[in-house]
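Enquirer: pasting a predicted model and its sequence here:
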Amino acid sequence: MTEEKKKHEEKSLEKMTVKELREIALEIPHAKAVHDMKKDELVAFIKEAKGIQDEASAGKKHKVAKIKLTKPELKAKLRELKDSRAQALEVHEKEKAALLRRRISRLKKKSRHMAAA
């Protein structure tokens, strides 16, 4: 077992497989479900738990994590956008109405995708 731990410490976290990262993450006391995490989330979780500073990727740009909406939040946002679009149409703001229509369309696609999953 100690040999395996040494292997984990020698290998950088980014180069490890998801399976190896899960093994390390399971050793750390946590409140989140480790098996549901993706590789990036696992790496961030392990680094945070061990207090590792990410020096190598300081110059790299990180993707901003998108906030996933729950189904009720998504539906509430749709209703809000539809009301805003109706108001824009009443005031004859065509550009704003078109923008809101596209946002509504994207949210509808997301809700259909969530329902299929």
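Expert: Great, that's in hand.

Enquirer: wait, Val43 touches Leu13, no?
Expert: Yes. Counting by CB atoms under 8 Å, Val43 does reach Leu13; the two are 4.9 Å apart. Any C-beta I mention is one placed from the backbone N, CA and C, and that applies to glycine too.

Enquirer: which one's more surrounded, the two?
Expert: Regarding Val43 and Leu13, a neighbour count based on other CB atoms under 10 Å identifies Val43 as having more, with 22 against 19.

Enquirer: the host helix or strand of the more buried one - what's its average pLDDT?
Expert: If you go by DSSP states H and E, Val43 is part of helix 39-50. Across helix 39-50, pLDDT averages out at 84.

Enquirer: which residues do Val43 and Leu13 both contact?
Expert: Counting by CB atoms under 8 Å, 6 or more residues apart in numbering, the contacts common to Val43 and Leu13 are Leu21.

Enquirer: neighbours of Leu21, how many?
Expert: One way to gauge burial is a neighbour count; for Leu21, by other CB under 10 Å, it gives 22.

Enquirer: I'd say it and Lys39 touch.
Expert: Yes. Taking CB under 8 Å as the definition, Leu21 is a contact partner of Lys39 at 6.6 Å.

Enquirer: dump the residue contacts of Leu81.
Expert: With contacts defined as CB under 8 Å, 6+ apart, the neighbours of Leu81 are 100, 103-104, 107.

Enquirer: domain assignment for the chain?
Expert: By the record's domain assignment, the chain is partitioned as 6-55, 71-116 (automatic domain parsing).

Enquirer: quickly, which of the ones you listed bottoms out on average pLDDT?
Expert: Across those, the stretch with the lowest average pLDDT is domain 6-55; it has a mean of 78.

Enquirer: mind checking how far it is from the chain centre?
Expert: Relative to the chain's own centre, domain 6-55 is displaced by 16 Å; criterion: CA atoms, centre = their mean, to the nearest Å.

Enquirer: good, we can wrap up now.
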